[in-house]
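Novice: Sequence and computational prediction follow.
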Amino acid sequence: NQSKDVEVKVGFFARLFGKKAEPVAPLIPAGYDHLADSLIALDMEKISGGPPVGKPVAIQIIGDDFETLKKIAAEYKAVLAQIKGVQDIDDDFDEAKDEVRLKINEGLAAQAGVSVQQIALAVNTALEGNVATSIKRPDEEVDVRVRFSKEFRESENVLGRIFVSNQQGNLIPVSRLARFERDVGILAVNHLDGKRLVSVTANVDEKVISSTTANNEATRLGKDIPARYPAYQIKLGGEYEDTAESLTSLRNAFLVGFIIIFMILASLFKSLIQPAVVVMAIPFSFIGVSVAFLLHGEPFSFLGFMGIIGLAGVVVNDSIVLVDFANNIHAKEPDLNIKDVVMRAASLRLRAVLLTTITTVLGLLPTAYGIGGFDPFLVPMALSFSWGLGFATVLTLIIVPILYMYAYKARVYLTRLVWKESFR
């Protein structure tokens, strides 16, 4: 039978041969040339608050074999190198530490009547040692560890001095059954969903390309890579994943808030049509937010969306005031024409609606434009809130009265239609 090698890792490294892995010379950015002789690694990261928190580009490769994972990672690094504005391309597979491995010839060991476990234990005892006994002192207990002395442990011929007993009781030198091999070890093994993970990461120059565009471009250019490795899973992580999760949470929060607002209005007006008229102010506010972000060159950030969600609960106030006042007028003067009801409600509540909106918007403008102090994290929220509320108020004063009038006429028409059908 053909013998095969069984690999057992031993807990000591390249110091056995008196050699160390040579560090890879890092790429020195401009302005840091004076550190060229002493710099081992340089990692600079801009501190930012709030989500997203991951790398702008992070491609997660999930599988079992490290060699294949490294190969896929190299392909994606080549893909990212083709995208303009993508920089600092790297992966988290660290091979910087040398490792000495004990390779046991299983066939020879079986013929000699020695198991792999016996050889591994003998080598471990000689190099790492075992606690043979302990010495008790008044205040402590000292372990007595038995192992080879330092000059023997660090010798290349250490295996020739280690013997293991076979089934017949004969001592066999380990050097005849095993050998040492020096290779690059793995510093850390990352896992995701129980499988090995290697991540390819990169930063982006936001003046050239955005994180979303870079991720989409990497997916497009590397679309044939997953097909060549069907047993491996490839997914986007980092900032892209964090942003997607955050936006999903915001969407769910917005839907829950919208449903709660509609239920409260339905119970207040005892109608399902009038709450629909009131919440029409919410899409009007989106127009103001879009215009504000377009004019100011601001992207739709996480905090900007948070401002939109908060705006949804405030922007309906003007509509509620108009609809409720129109209901009160109609209740007191039921014979009054619906057009006159709407016109009177809009004219009488115009001052209250405008003053409420103006005071709110003026209170937000200093934060939106950095008057008295600039906070880049609050600017998107303040812009979306102030501009959205301003646009929604103007449109509310025009559109909501018209919708209220047509909603009333539709309700009267349906009531008459149902009344006629019931008496046929």
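Specialist: It's in.
Novice: Low-confidence bits of the stretch 301-424 of the chain, can you list those?
Specialist: 419-424 (pLDDT under 70).
Novice: And the helices in it, which stretches?
Specialist: 302-314, 316-332, 338-348, 350-368, 379-422 (DSSP state H, counting those that start in this stretch).
Novice: Quick one, which of those gets closest to Gly288.
Specialist: Proximity of these to Gly288 was assessed by C-beta to C-beta; the nearest stretch is helix 379-422, lying at 2.7 Å. The C-beta positions use only the backbone N, C-alpha and C, and glycine is treated the same way.
Novice: Remind me what that closest one packs against, helices and strands.
Specialist: Helices and strands touching helix 379-422, by 3 or more C-beta pairs under 8 Å, 6 or more residues apart in numbering; DSSP states H and E, are helix 273-279, helix 281-296, helix 302-314, helix 316-332, helix 338-348, helix 350-368.
Novice: Next, the spatially closest residue to Ile62 that is not a sequence neighbour: phi, psi?
Specialist: Leaving aside its chain neighbours, Ile62 sits nearest to Gln233 (4.3 Å; criterion: C-beta to C-beta, 6 or more residues apart in numbering). Dihedral pair for Gln233: phi -100, psi 130, per degrees, to the nearest 10.
Novice: Can you verify my assumption that Gln233 contacts Ile59?
Specialist: No - using C-beta atoms under 8 Å, Gln233 is not in contact with Ile59; the gap is 11.2 Å.
Novice: Pick out the residue closest to the middle of this protein.
Specialist: Closest to where the C-alpha atoms of the chain average out (C-alpha atoms, centre = their mean) is Asp242, at 2.9 Å.
Novice: isn't there a helix covering that one?
Specialist: Yes - counting by DSSP: H, G, I helix; E, B strand; the rest coil, Asp242 is part of a helix.
Novice: is it true that it touches Lys55?
Specialist: No - checked against C-beta under 8 Å, the pair Asp242 and Lys55 is beyond contact range at 9.7 Å.
Novice: Would you map the strands across the stretch 151-300 of the chain?
Specialist: 163-165, 171-173, 178-184, 190-192, 195-204, 233-237 (DSSP state E, counting those that start in this stretch).
Novice: and those as JSON lines, adding mean pLDDT and mean neighbour count?
Specialist: Converted to JSON lines, those look like this (pLDDT from 0 to 100; neighbours: other C-beta atoms under 10 Å):
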{"stretch": "strand 163-165", "mean pLDDT": "88", "mean neighbour count": "16"}
{"stretch": "strand 171-173", "mean pLDDT": "88", "mean neighbour count": "14"}
{"stretch": "strand 178-184", "mean pLDDT": "79", "mean neighbour count": "16"}
{"stretch": "strand 190-192", "mean pLDDT": "81", "mean neighbour count": "12"}
{"stretch": "strand 195-204", "mean pLDDT": "89", "mean neighbour count": "21"}
{"stretch": "strand 233-237", "mean pLDDT": "88", "mean neighbour count": "16"}
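Novice: Arrange the ones you listed in TSV, one row each, with distance to Ser319 as further columns.
Specialist: TSV is the format used below for those (distance: least, C-beta to C-beta, whole Å):
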stretch	distance to Ser319
strand 163-165	87
strand 171-173	92
strand 178-184	68
strand 190-192	48
strand 195-204	42
strand 233-237	41
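Novice: For Leu362, find the nearest of the ones you listed.
Specialist: Once these are compared by C-beta to C-beta, strand 195-204 is nearest, at 37.4 Å.
Novice: Convert the closest one to PDB, retaining C-alpha atoms only.
Specialist: Provided in PDB are the C-alpha atoms of strand 195-204 (Å, rounded to 0.1, in the frame of the first residue of the first chain):
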ATOM      1  CA  LYS A 195     -18.100  28.400   6.900                       C
ATOM      2  CA  ARG A 196     -14.700  30.000   6.300                       C
ATOM      3  CA  LEU A 197     -14.700  33.600   5.200                       C
ATOM      4  CA  VAL A 198     -12.300  35.800   3.300                       C
ATOM      5  CA  SER A 199     -13.300  39.500   2.700                       C
ATOM      6  CA  VAL A 200     -11.900  41.700  -0.100                       C
ATOM      7  CA  THR A 201     -12.200  45.300   1.000                       C
ATOM      8  CA  ALA A 202     -11.500  48.700  -0.500                       C
ATOM      9  CA  ASN A 203     -12.000  52.400   0.000                       C
ATOM     10  CA  VAL A 204     -13.400  54.800  -2.500                       C
END
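Novice: hang on, the earlier thing: could you dump the helices of the stretch 301-424 of the chain to a markdown table with mean neighbour count?
Specialist: Formatted as a markdown table, those follow (neighbours: other C-beta atoms under 10 Å):
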| stretch | mean neighbour count |
| --- | --- |
| helix 302-314 | 19 |
| helix 316-332 | 19 |
| helix 338-348 | 16 |
| helix 350-368 | 15 |
| helix 379-422 | 18 |
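Novice: what's the closest of those helices to Ser267?
Specialist: helix 316-332 (12.8 Å).
Novice: bridging residues for Asp143?
Specialist: Beta-bridge pairing of Asp143 under DSSP bridges involves Ser134.
Novice: residues near it, how many?
Specialist: Counted with other C-beta atoms under 10 Å, residues neighbouring Asp143 total 11.
Novice: so how far is the first residue of stretch 273-292 from its last?
Specialist: Stretch 273-292 has an end-to-end distance of 31 Å (C-alpha to C-alpha, to the nearest Å).
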